[in-house]
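Asker: This is a predicted model, with the sequence first.
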There are 2 protein chains.
Amino acid sequence: IDQGDSARVKAILEDLHFADIAEIIDDLNLERAIFIIKLLDSETTSEALMELDEDQRDRILNELSPKEIADELEEMDTDDAADILNELPDILAQEVISNMGDEQHAEDIVDLLRYDENSAGGLMAKELVKVNENWTVTGCVSEMRAQAENVTRVHSIYVVDNQQKLKGRLSLKDLLTSAETTPIKDVYIPKVDYVNVNTSGEEVARVMRKYDLEAIPVVDELDRLVGRITIDDIVDFITEEAEKDYQLASGISQDVEANDSILDLTRARLPWLVLGLVGGIGAAAIMGQFESLFEEYAVLFLFTPLIAAMAGNVGVQSSAIIVQGIANDDLRGSISSRLLKEVLLAMLNGVILALLLLVYTYFAQGEILTSIAISTSLFCVIIVAGLIGTFVPLFLHKRGIDPALATGPFITTSNDIFGILIYFLLAKAIIGI
Amino acid sequence: IDQGDSARVKAILEDLHFADIAEIIDDLNLERAIFIIKLLDSETTSEALMELDEDQRDRILNELSPKEIADELEEMDTDDAADILNELPDILAQEVISNMGDEQHAEDIVDLLRYDENSAGGLMAKELVKVNENWTVTGCVSEMRAQAENVTRVHSIYVVDNQQKLKGRLSLKDLLTSAETTPIKDVYIPKVDYVNVNTSGEEVARVMRKYDLEAIPVVDELDRLVGRITIDDIVDFITEEAEKDYQLASGISQDVEANDSILDLTRARLPWLVLGLVGGIGAAAIMGQFESLFEEYAVLFLFTPLIAAMAGNVGVQSSAIIVQGIANDDLRGSISSRLLKEVLLAMLNGVILALLLLVYTYFAQGEILTSIAISTSLFCVIIVAGLIGTFVPLFLHKRGIDPALATGPFITTSNDIFGILIYFLLAKAIIGI
């Protein structure tokens, strides 16, 4: 179809939802994708562009002129347009902005570029419906009608004073049932949830989830209403954050997906593998210090992978629970009470696992002393691993670092080394050499 | 405050949002929590109950009579009430239902209990605004007013025919601007996204995210409109799913949180640790087969933790990417092309890591043959680990099993064993013994 029959392609695509068009474009090669983008009007393509895979979008934008990109951005909501500009090289972004016809829109977008991507300011859109508390119902309705044209979905009508400070919200029902000359002051609802431009995205998500909100107004440092965040952006945000945490826990450091290039995937995976390699070399070096035990107690060396694996597993389990508790903001009690609980938990798990191992090694090897040495060490390694897994994320969080970094390879590697060190030291002491 | 002054407690709580009340109740002991629940009217408490921590809610419901629970459920939306009934023991649930005064409401709730919790039927609520295509605008408005009383937020007005089949939706604007005698048939929008009661929750979330929907109607097998799902329920669903996947990847098998009891936490964590223990014992048994190498090639044994760790890390990385790709439904290409890509990726990573290890072992140990043996084995282990990590989740998914199970301890443990086996076999072959 793509080889020329514009009219037919257009007819087919026009009936589709923009998200479906985006899926089609994602699967096409660059040349055909550009053909489609240029074929459709910018109202349709701007929406589809937003839904595209990031890499494909970058390739397409590279082929368009600044003027063409500007036309697309004009049709977008301010928050989406700002996201796109953020992806472009600085010089190109400048050019695109100067090519935009609607100055107010351009100004709004540039305004949004100031904020951190991960803050309420970076997530919000400028499009909203607001009325002044001093207006009357009639004045209000006609103003609203004009504003609503730029807003895809009206979630709430916000009320501001002469200084643009957020005062409350207006229910459509109250507006329609009030006398025409009533001032807004007398009918609005003064209670409204809001967030500050500097509030973190996580906190916005938490508030909106807690109160089941579909949109939340954003105010600046002077309490002036500057934007609003809608739930669909928060859904995307939550999904992305969850994916990022999941990838971090699995030792993948950048936002990649299965369809990315081998080079991108290597860049995201190799650093953690190098960390693991260094950890493994460290473990080998430690074991080398105990080489004198080789002849008589070779059996100790057979269980080093077991000790390392258990230390890693326990560490990841404890840190995962702490990381989630921090993310949900529902950790109660002090750090020391957390650590105490983890010790008790590790002791319970440790006793059971150590007993299992004791029984196995005794029957398999027949030497009671080495069996006791191995299983006692396992018990202690589990406790230490649990403590490290609990402490590190709590510590990182206190220092303002994302605790999700602490899960996965980081904890596994450090616990491998500590585990093996403790294991040999203890085993040596128990066997009495 | 709690010791008696009901009036004051009530005055304070009445000004709070139900989500905040829930947080307060979560932190109180049972006796005080019950005191508050009984003090406030059921309209407030029913909302707060839904927001409570599950364990605390169970304890509170245990103390209430079936009649009292029924009163709470009457105030809830049908989907929330059904969720609560699902948590109660069967006999108690029966009693609660027979104590409900509003028969239509009770019937709706019982209806929802039929569906799997994880399907669109289990997620939907019965509350919605629907109109018949044969009504006129006037009849429609008065009907809608009556229906809207039961619905907290009106997202859309759905249009059905005489058989209750979903035909489309109605825009409020069109309704208000049409002549009073116009039949609905002439003004409704026939295009509407919907899901079937049997659609999985993941799929509902995907559709709503893709099209940025705030509510989606649900139809039964005969295309009859039976409910709708709102975005706030989907936000909760997405969050819970992400937490579950994260916990599975970390070796935690049930939905637990940091504040749960030590026994609950042990139940969730111990099974995976036992799996790790068995894996470690397996690795020890394999290494035992190569005990004859001990005297001359002790250095091989020093690197077993490194090999095991790398096999585990690579496996977790590959499986995590596949699991996410499956969850987002954006894996393209066949299984064999996936595996080929993973081999290429693993070769690239493997060459770099093996070279690093070769340089280190050569300088640290000075023996070129063992150094080559160790690093070549690492290279092969990385490739096999990547293949296992890619294949297992794809295989599980094909068999209808949640691929998230494959990440974490499962992959780590099996890769430990395979890794060590390959390592010794190869090393032995290369050294030529």
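Answerer: Right, received. Where do you want to start? Numbers count the residues shown, from 1 in each chain, chains lettered A, B, ... in the order given.
Asker: show me where chain A has strands.
Answerer: According to DSSP state E, chain A carries its strands in the segments A:129-132, A:157-160, A:166-170, A:195-196, A:215-219, A:225-230.
Asker: closest one to chain B among those strands?
Answerer: strand A:225-230 (8.5 Å; C-beta to the nearest C-beta). C-betas here are computed from N, CA, C, even on glycine.
Asker: what's that closest one in contact with?
Answerer: Identification of contacts with strand A:225-230 by C-beta atoms under 8 Å, 6 or more residues apart in numbering or on different chains yields A:78-79, A:111-112, A:120-121, A:123-128, A:130, A:153, A:155-156, A:158, A:160, A:164-166, A:195, A:197, A:204, A:208, A:214-220.
Asker: Stretch A:81-97 now?
Answerer: In contact with stretch A:81-97 (C-beta under 8 Å, 6+ apart) are residues A:49-50, A:54, A:57-58, A:61, A:66, A:69-70, A:72-73, A:76, A:105-106, A:109-110, A:112-113, A:117, A:122.
Asker: Would you show me how to pick out the buried ones of the residues you listed in PyMOL?
Answerer: This is the PyMOL syntax for the buried subset of those, where burial follows 16 or more other C-beta atoms under 10 Å in any protein chain shown:
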select buried, chain A and resi 49+50+57+61+66+69+70+72+73+76+105+106+109+110+112+113+122
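Asker: Okay, and which of the contacts of stretch A:81-97 map to helices?
Answerer: Cross-referencing the contacts of stretch A:81-97 against helices under DSSP state H gives A:49-50, A:54, A:57-58, A:61, A:66, A:69-70, A:72-73, A:105-106, A:109-110, A:112-113, A:122.
Asker: pLDDT weak spots in the stretch 101-250 of chain A?
Answerer: For the stretch 101-250 of chain A, the stretches flagged by pLDDT under 70 are A:148-155, A:172-173, A:176-177.
Asker: Tell me where it has helices.
Answerer: A:103-113, A:120-123, A:137-148, A:172-177, A:201-210, A:231-249 (DSSP state H, counting those that start in this stretch).
Asker: what is the orientation angle of the first one with helix A:66-75?
Answerer: It refers to helix A:103-113. 90 degrees (axes from the mean of the first three to the mean of the last three C-alpha atoms, to 10 degrees).
Asker: Helix A:103-113 packs against which elements?
Answerer: helix A:78-87, helix A:90-98 (3 or more C-beta pairs under 8 Å, 6 or more residues apart in numbering or on different chains; DSSP states H and E).
Asker: Send over that helix as PDB, restricted to the C-alpha atoms.
Answerer: Provided in PDB are the C-alpha atoms of helix A:103-113 (Å, rounded to 0.1, in the frame of the first residue of the first chain):
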ATOM      1  CA  GLU A 103       3.500  32.700  21.000                       C
ATOM      2  CA  GLN A 104       1.500  31.900  24.100                       C
ATOM      3  CA  HIS A 105       1.800  28.200  23.500                       C
ATOM      4  CA  ALA A 106       5.600  28.500  22.900                       C
ATOM      5  CA  GLU A 107       6.000  30.500  26.100                       C
ATOM      6  CA  ASP A 108       4.100  27.900  28.100                       C
ATOM      7  CA  ILE A 109       6.300  25.200  26.700                       C
ATOM      8  CA  VAL A 110       9.600  27.000  27.400                       C
ATOM      9  CA  ASP A 111       8.300  27.600  30.900                       C
ATOM     10  CA  LEU A 112       7.800  23.900  31.400                       C
ATOM     11  CA  LEU A 113      11.400  23.200  30.300                       C
END
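Asker: Return the residues in contact with the closest residue to residue A:183 other than its chain neighbours.
Answerer: Take residue A:183 and drop its neighbours on the chain: the residue closest to it by C-beta to C-beta, 6 or more residues apart in numbering or on different chains is residue A:136, 5.6 Å away. Residues in contact with residue A:136 (C-beta under 8 Å, 6+ apart) are A:180, A:181, A:182, A:183, A:184.
Asker: Quick check: residue A:143 touching residue A:157?
Answerer: No: taking C-beta atoms under 8 Å as the definition, residue A:143 is not a contact partner of residue A:157, at 10.1 Å.
Asker: what sits in contact with each of these two?
Answerer: Joint contacts of residue A:143 and residue A:157 (C-beta under 8 Å, 6+ apart) are residue A:131.
Asker: Any residue of stretch A:236-250 touching chain B?
Answerer: Yes: Stretch A:236-250 is in contact with chain B by C-beta under 8 Å from any C-beta of the partner chain, via A:236, A:238, A:239, A:242, A:243, A:245, A:246, A:247, A:249, A:250.
Asker: before we move on, back to that, pick the most deeply packed of the helices and strands packed on helix A:103-113.
Answerer: helix A:78-87 (a mean of 20; mean count of other C-beta atoms under 10 Å in any protein chain shown).
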